[in-house]
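Novice: All I have is the shape, not the residue letters:
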C-alpha cells in the first residue's frame, strides 16, 4: 500500500508543478505577449498536466485492483470418458 501512496504523491506533485507552469505560461501569453503561440503552449502544458495526473491515477487504480484479485484460474482435472 505504501508504494501506491508514493506513486500517487509523485504524480500529484509533478502534476501540480506542470499545471502551475502551464497556467503561468498561458497567462503570460494571453495578457503580456502579442504572440498567440505562447498562449497555445500554455494550454498544451495545462492539458499535459491533466493527462499526467489522470494516467497516474489510472496506474494506481489498476495496481490496486490487480493485487486484490485472485491470481490465475484453477483448473480441476476431470476423468476422461472412454468409448
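Specialist: Cool, the structure landed. None of the values given here were measured: they were computed from a predicted structure. Residues are numbered from 1 along each chain as shown.

Novice: which residues sit in contact with the residue nearest to the spatial centre of the chain?
Specialist: Centrality entry for the chain: nearest residue to the mean C-alpha point is residue 55, 1.6 Å, by CA atoms, centre = their mean. For residue 55, the contact set (CB atoms under 8 Å, 6 or more residues apart in numbering) comprises residue 11. Where you see a C-beta, it was placed from the backbone N, CA and C, and this is true even at glycine.

Novice: Show the average pLDDT along the host helix or strand of it.
Specialist: Element membership for residue 55, per DSSP states H and E: helix 36-68. In this model, helix 36-68 has an average pLDDT of 92.

Novice: Count the neighbours of residue 16 for me.
Specialist: 12 (other CB atoms under 10 Å).

Novice: residues in contact with the nearest residue to it once chain neighbours are set aside?
Specialist: Counting by CB to CB, 6 or more residues apart in numbering, the nearest residue to residue 16 once its immediate chain neighbours are dropped is residue 49, at 7.8 Å. For residue 49, the contacting residues are 15-16, 18-19, 22, by CB under 8 Å, 6+ apart.

Novice: how deep is residue 46 tucked in, by neighbour count?
Specialist: Using other CB under 10 Å, residue 46 has 18 other residues around it.

Novice: check contacts around it.
Specialist: Residue 46 makes contacts with 19, 22-23, 26, as judged by CB under 8 Å, 6+ apart.

Novice: let's go with 10 Å and repeat that
Specialist: 18-23, 25-26 (CB atoms under 10 Å, 6 or more residues apart in numbering).

Novice: Which members of the residues you listed occur in helices, if any?
Specialist: Cross-referencing the contacts of residue 46 against helices under DSSP state H gives 18-23, 25-26.

Novice: Would you list the buried entries among these?
Specialist: Among the ones in helices among the contacts of residue 46, the ones that count as buried by 16 or more other CB atoms under 10 Å are 18-19, 22, 25-26.

Novice: picking that back up, any chance of the ones in helices among the contacts of residue 46 in TSV, plus distance to residue 39 and pLDDT?
Specialist: Below are these laid out as TSV (distance: CB to CB, whole Å; pLDDT from 0 to 100):
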residue	distance to residue 39	pLDDT
18	17	96
19	16	96
20	16	97
21	14	97
22	11	97
23	12	97
25	8	95
26	6	95
